[in-house]
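J.: Sequence and predicted structure below; questions after.
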Amino acid sequence: QAQLVESGGGLVQAGESLRLSCAAMSALFSSYAMGWFREAPGNEREFVAAISWHGRTTRYAESVKDRFTISRDNTNNAKHMVYLQMNDLQPEDTAVYYCHPVRSGNYEEPSGDFDFWGRGTQVTVSA
């Protein structure tokens, strides 16, 4: 059964870094571009970053460009890893972060081929 499991969140101070991990557990994910989304209290879920299935193409939200870096490891076909290195974190980055496959034609939108999400991982940045 396909699963998405996010980890690596925590409480940090402004300016510090975190590295989030996503285990996309199923060979189904091997051909999908993968993305990170976040949801802050009172806000809708928003796009953060995405990476193509081969890892050569990336896309970032303007608010995180030059601070966040997305990467992936497809070595294990049953457990694809997607990472989000977050540097110079700011209080406005506080949110629950989720990974999910994205649309091939628009990396900023989650793929409709998967109707489930993981539990996410909480990132809290204090001023």
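T.: Okay, I see it. Numbers count the residues shown, from 1 in each chain.

J.: Can you tell me the element the residue nearest the centre of the chain falls in?
T.: The centre of the chain sits closest to W36, judged by CA atoms, centre = their mean, with a distance of 2.2 Å. Taking DSSP states H and E as the definition, one finds W36 inside strand 34-39.

J.: average pLDDT for that strand?
T.: Averaged across strand 34-39, the pLDDT comes to 98.

J.: sorry, back to before: who are the contact partners of the residue nearest to the centre of the chain?
T.: By CB atoms under 8 Å, 6 or more residues apart in numbering, the contact set of W36 is L20, C22, V48, A49, A50, I70, V82, L84, Y97, Y98, C99. All C-beta spots, glycine's among them, are computed from the backbone N, C-alpha and C.

J.: Next step: the residues you listed restricted to helices.
T.: Using DSSP state H, the subset of the contacts of W36 located in helices is empty.

J.: among these, who's most crowded?
T.: Of all these, C99 has the most neighbours under the rule other CB atoms under 10 Å, reaching 33 neighbours.

J.: Relative to A14, how far out is the nearest residue to it once chain neighbours are set aside?
T.: In space, and not counting its chain neighbours, C99 is closest to C22: 3.4 Å by CB to CB, 6 or more residues apart in numbering. Distance, C22 to A14, by CB to CB, to the nearest Å: 24 Å.

J.: Equivalent analysis for K79, please.
T.: 33 Å.

J.: Between these two, which is the more surrounded one?
T.: K79 (16 against 13).

J.: nearest spatial neighbour of the more buried one, skipping sequence neighbours?
T.: Using CB to CB, 6+ apart, the closest residue to K79 is M25 (5.2 Å).

J.: For V125, pull up the helix or strand it's in.
T.: Assigned by DSSP H and E, V125 falls within strand 121-126.

J.: give me phi/psi at N87?
T.: phi -110, psi 160 (degrees, to the nearest 10).

J.: The one 5 residues further on now?
T.: Backbone torsions of E92, given as degrees, to the nearest 10, read phi -70, psi -10.

J.: dump the residue contacts of it.
T.: S63, V125.
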